[in-house]
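Enquirer: dropping a prediction and its sequence here:
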Amino acid sequence: MNKKLIATAVALATPLFAVAADAPATPEHSFTGNVTLASEYIYRGIGQTNRKPAIQGGFDYAHSSGFYLGTWASSISWLADYNEFPGMSGVSSNIEIDVYGGYKGNLTDDLTYDVGVLTYNYPGSFPSGFVDADTTEVYLGLGWQWLSAKYSHVTSSHIFGTTGTNGERTRGSGYLELNAAYDLGDGWGINGHVGHQRVKHNSHASYTDWKVGVTKDVGFGVVGLAYWDTNAEGDAGEFYRNAFNKDLGKGRLLLTFGKTF
């Protein structure tokens, strides 16, 4: 829940004749779509599909001014899995739908910025007293060549339905991340990520996650393989251990195939 063309110029080394290639004009409006098949949906290091495959996709609109809007969706199971717990039957949400918008541009030739708002939505039915998992964040990102940093700040009453240790609202929680994506050429790329999720009033649910990965453009799409791990405990990673004997924050490999059109 990401692209730029680089123009080149050439000149003939003679005093009488020179030719330069014009940079392609940026279209005023552009639309793109994407679809991904994943061995699991992992978000901020935590499994969202109980170690099962996920299908994901979205659409994006961008204006030449830097303004953009988009939506993205994925199959999930973590909310419906609540049915395994006493008194929590009736949860039926099996999809996450994100809607976002913002503005991005350049501060210098190499330094970019991105500011916007993102809402995570989980349509479905829920029992009385269930804490709404819908979450809204505002974010600010900076990018420099192949490095980027981003901070996301929760403005909704709770972050993904998580409460404080004494039932407090968790508005004001935040996620700080550093990402790297380097093009090796010939369709190969490597990437890395480290982030820290801070949950307000609930240090037991706060944790750090990290990822290293490799991608390969195979012409009709991009194949990715990554290892993702966390130091999550309790509310963040081991919530389902008793019911499913799985720590959803434990290190594992993630295989994806994605296509942009």
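Expert: That came through, no problem. Numbers count the residues shown, from 1 in each chain.
Enquirer: only C-alpha atoms from now on, for both contacts and neighbour counts.
Expert: Noted.
Enquirer: you'd agree G189 is up against V214?
Expert: Yes. Look at G189 against V214 with CA atoms under 8 Å: they come within range, at 5.7 Å.
Enquirer: what's the local residue count around T26?
Expert: Neighbouring residues of T26 were enumerated by other CA atoms under 10 Å; the total is 12.
Enquirer: isn't it up against S64?
Expert: Yes. Here T26 reaches S64: they are 6.5 Å apart, a contact under CA under 8 Å.
Enquirer: surely F67 is in contact with Y100?
Expert: No. In terms of CA under 8 Å, F67 does not count as a neighbour of Y100; the distance is 11.1 Å.
Enquirer: for V194, grab phi and psi.
Expert: Listed backbone geometry of V194 is phi -140, psi 140, with angles given as degrees, to the nearest 10.
Enquirer: identify the residues contacting it.
Expert: Each residue near V194 by CA atoms under 8 Å, 6 or more residues apart in numbering is listed here: 177-179, 208-211.
Enquirer: below-threshold pLDDT in this protein: ranges please.
Expert: 1-24, 86-88, 234-245 (pLDDT under 70).
Enquirer: which parts of it are strands?
Expert: Assigned by DSSP state E, the chain shows strands spanning 29-38, 42-43, 46-47, 54-63, 67-75, 95-106, 111-121, 135-144, 147-154, 174-185, 188-198, 207-217, 222-230, 252-260.
Enquirer: could you identify which of these is most buried?
Expert: Neighbour counts averaged per stretch over those are highest for strand 46-47, at a mean of 22; criterion: mean count of other CA atoms under 10 Å.
Enquirer: report the beta-bridge partners for Q56.
Expert: With beta bridges defined as DSSP bridges, Q56 has these partners: T36, S74.
Enquirer: so who does it touch?
Expert: Applying CA under 8 Å, 6+ apart to Q56 gives the contacts 35-38, 72-75.
Enquirer: do the same with F261
Expert: Contacts here follow CA under 8 Å, 6+ apart; on that basis F261 touches 32-34.
Enquirer: try it again at 6 Å.
Expert: With contacts taken as CA atoms under 6 Å, 6 or more residues apart in numbering, F261 has the following neighbours: 32-33.
Enquirer: numbering from 9 from now on, please.
Expert: Okay, using 9 as the starting number, the last item reads as F269.
Enquirer: that one and N58, how far apart?
Expert: Look at F269 and N58: by CA to CA, to the nearest Å, they are 29 Å apart.
Enquirer: again with L261
Expert: The value you get for L261 to N58, if CA to CA is used, is 14 Å.
Enquirer: do the same with I198
Expert: In terms of CA to CA, I198 sits 26 Å off from N58.
Enquirer: what lies in contact with stretch 81-95?
Expert: By CA under 6 Å, 6+ apart, the surrounding residues in contact with stretch 81-95 are 56-57, 62-65, 96-97, 99-105.
Enquirer: which of the residues in it are buried?
Expert: Under the neighbour-count criterion of 16 or more other CA atoms under 10 Å, stretch 81-95 has 81-90 buried.
Enquirer: N174: which of the contacts of stretch 81-95 is nearest?
Expert: Of all the contacts of stretch 81-95, the one sitting nearest N174 is M96; the distance, using CA to CA, is 19.7 Å.
Enquirer: still on that earlier bit, of the contacts of V202, closest to G172?
Expert: The shortest separation between G172 and any of the contacts of V202 is 18.2 Å, and it belongs to T216 (by CA to CA).
Enquirer: need the contact list for the closest one.
Expert: 203-204, 238-239.
Enquirer: for it, give the beta-bridge partners.
Expert: Listed by DSSP bridges, the beta-bridge partners for T216 are H204.
Enquirer: from L115, how far out is it?
Expert: T216 sits at a distance of 30 Å from L115 (criterion: CA to CA).
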